[in-house]
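Colleague: coords below, sequence missing:
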């Protein structure tokens, strides 16, 4: 199947032939649909914290920080901003300009002075009335070049004395809830290779400003998506798609590839949040409160989890009693949301012991869930796993069989969605780090149809970072307020109240 030149190309990317062959097989076989059993709802898979719970969880988190807990903030930040300007690009690149501007373009022009980058843009244009000139200055390297930059480097929010990018807002957030007892804020961002230097330059410019303002020290690190996680492209007949020079075509494997970047990092606790989900300072209090509350909840659960991990390790199955195993099984089912395969509790004691030990020794994550009000995002469900257990999973619409009336009905019953608001821990009771690649479900990828140079191709995305890539983690869903979710998918989203000055 592969020539000697192909093999050299595969090896140079850090991948291997077996992985690539498996990907080509997946094009032929496809991915199985996820079998969902029911939507997770309040009291049935989603925890709703009351005011007393929130105070208690925040106190637990603050106490652990004082005891030396070292958190890390992990922000996927390689996303290009080009999609933000889709409507502006469409108009700018159209051969014939209509007399009347399209709605999205008109809205942008009418509210130009409300964008944080307005002053910068006005410096670049000769004629404010000339819309084409304005768009060229905004989107291309003739001006601000926003169409070719990542979201993290665009000015999102206007303040009295300056404007801030999402990168800066994440620094401020980190100073508020992700600093250790020595006031060190560790922040890791995944970026694209061509933008890494720009992120570093911006950090160097603002580091002293924010360190002095918030009395912290920042430790920033960056990583790039590994070439070895790129996936091979296929022709419609599922054979390798080749470039004009005969080489194999590889494509980025989607954000699921970032599980490898996360796996390279060590921390006691990790906050995960998307780069564009930020708000100005006057709206940050709710986000900070709930981030700390989610972390505190995780730490409380983790305390029990570690106790049971150690007990099972120290006693072995022959040293346990049925009562002790029943207590641990209840914790696994009611607090870690893992329902056993049918009749497992009637199995031999050794089998139950091995099952409990296996399921407890896994990474742990708390996922914030927002009430579904029409925003896109994966939903929270109880789903069947390959081993026939049932657990909480974040499922994208594409993972569910829409032709199956029962499954599609369950999909539509979701009351909440996942805004990518996670707090994670991936060390065991001894402080040993799990290998996160062992907990990925490889059968949860996604195939899409694309084209290149006028030729059709199939593209394969790896299991998503917060669904398939974390499919085999112990999972808890907690409701968080809608105010904690303020994404920017199009440039005009910046005109929403939550992104405007007070």
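Modeller: Thanks, I have the structure now. Being a predicted model, the structure only gives us computed values, none of them experimental.
Colleague: can you name the next helix or strand after the lengthiest helix in the chain?
Modeller: The longest helix of the chain (DSSP state H) is helix 284-315. Toward the C-terminus, helix 284-315 is succeeded by helix 322-334 as the next helix or strand (DSSP states H and E).
Colleague: okay, now the sheet partners of whatever helix or strand comes next after that next one, with direction.
Modeller: Next along the chain after helix 322-334, taking DSSP H and E as the criterion, comes strand 338-339. Under the criterion DSSP bridges, strand 338-339 sits next to strand 390-395 (antiparallel) in its sheet.
Colleague: circling back to that earlier point, if I take the longest helix of the chain and helix 322-334, what angle do their directions form?
Modeller: 150 degrees (axes from the mean of the first three to the mean of the last three Cα atoms, to 10 degrees).
Colleague: ok now helix 284-315, how far from the chain's centre?
Modeller: 20 Å (Cα atoms, centre = their mean, to the nearest Å).
Colleague: counting contacts, what elements does it pack onto?
Modeller: On a contact count with 3 or more Cβ pairs under 8 Å, 6 or more residues apart in numbering; DSSP states H and E, helix 284-315 meets helix 51-66, helix 166-177, strand 269-273, helix 322-334, helix 349-360, strand 364-371, strand 421-425, strand 474-479. For every residue, glycine as well, the C-beta is placed using N, CA and C.
Colleague: export those to JSON lines and tack on mean neighbour count, mean pLDDT and distance to residue 259?
Modeller: Converted to JSON lines, the helices and strands packed on helix 284-315 look like this (neighbours: other Cβ atoms under 10 Å; pLDDT from 0 to 100; distance: least, Cβ to Cβ, whole Å):
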{"stretch": "helix 51-66", "mean neighbour count": "16", "mean pLDDT": "98", "distance to residue 259": "25"}
{"stretch": "helix 166-177", "mean neighbour count": "23", "mean pLDDT": "98", "distance to residue 259": "20"}
{"stretch": "strand 269-273", "mean neighbour count": "23", "mean pLDDT": "97", "distance to residue 259": "11"}
{"stretch": "helix 322-334", "mean neighbour count": "15", "mean pLDDT": "93", "distance to residue 259": "24"}
{"stretch": "helix 349-360", "mean neighbour count": "18", "mean pLDDT": "92", "distance to residue 259": "20"}
{"stretch": "strand 364-371", "mean neighbour count": "23", "mean pLDDT": "96", "distance to residue 259": "12"}
{"stretch": "strand 421-425", "mean neighbour count": "24", "mean pLDDT": "96", "distance to residue 259": "11"}
{"stretch": "strand 474-479", "mean neighbour count": "22", "mean pLDDT": "98", "distance to residue 259": "15"}
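Colleague: including distance to residue 241, could these go into a markdown table?
Modeller: Below are the helices and strands packed on helix 284-315 laid out as a markdown table (distance: least, Cβ to Cβ, whole Å):
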| stretch | distance to residue 241 |
| --- | --- |
| helix 51-66 | 49 |
| helix 166-177 | 35 |
| strand 269-273 | 33 |
| helix 322-334 | 45 |
| helix 349-360 | 40 |
| strand 364-371 | 35 |
| strand 421-425 | 34 |
| strand 474-479 | 36 |
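Colleague: looking at these, which is closest to residue 108?
Modeller: Distance to residue 108, taken as Cβ to Cβ, is lowest for helix 166-177 among those, at 19.0 Å.
Colleague: would you mind pulling the contact partners of the closest one?
Modeller: 73, 75, 77, 151-154, 156-157, 164, 185-187, 189, 199, 202-203, 206, 210, 214, 216, 218, 271, 273, 275-276, 278-281, 284, 287-288, 291-292, 295, 488 (Cβ atoms under 8 Å, 6 or more residues apart in numbering).
Colleague: and the next helix or strand past it?
Modeller: strand 184-190.
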